[in-house]
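Engineer: pasting the sequence and the predicted model now:
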Amino acid sequence: MKDDNTKQNQPSTKYLNAIIGFSLGALLWFLSPLILGHKEPWDASMPFYLIAILTFGALASIPSPKNYLVGPTFIYIGQFTYIFTVHGGGNLWPIALVLGIIYTIPALIGSLIARLLLKKVKNRET
């Protein structure tokens, strides 16, 4: 068991899930035209978008698996921050916000899978 001094010397992961989630959400929209040829990633083939969101959800929960809800939440926020700052939102933005919540479910699933896998690995180490 670690003592308090060891915990104080470790870098904080408190905000890493949020930073990574936000960055991945914006990155998905930034890369979509370059990789998929579509301005909006959900206009490309749906398996790509769902797999990307699932994978990003898992990646965003790695720094602090106990905060597994933070990464997907910030993936959502990162996507819509990018949409509103780069694309201006458009006239269907209220519908997009609601659909974005639905499309965040795979990110939550990915995050939960990563949490469970990391917990299993940690239990094997002890």
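Structural biologist: Great, that's in hand. Numbering: from 1, shown residues only.
Engineer: I figured residue 73 was touching residue 20, is that so?
Structural biologist: No. Under the criterion of CB atoms under 8 Å, residue 73 makes no contact with residue 20, lying 11.8 Å away. In short, each C-beta sits where N, CA and C put it, glycine included.
Engineer: so what's residue 101 closest to, chain neighbours aside?
Structural biologist: Excluding the flanking residues, the one nearest residue 101 by CB to CB, 6 or more residues apart in numbering is residue 76, at 6.9 Å.
Engineer: find the helix or strand that the one you found is a member of.
Structural biologist: helix 70-82 (DSSP states H and E).
Engineer: what packs against that helix?
Structural biologist: helix 16-35, helix 46-61, helix 93-103, helix 105-125 (3 or more CB pairs under 8 Å, 6 or more residues apart in numbering; DSSP states H and E).
Engineer: avg pLDDT for the third one?
Structural biologist: It stands for helix 93-103. What helix 93-103 shows for mean pLDDT is 89.
Engineer: no further questions, thank you.
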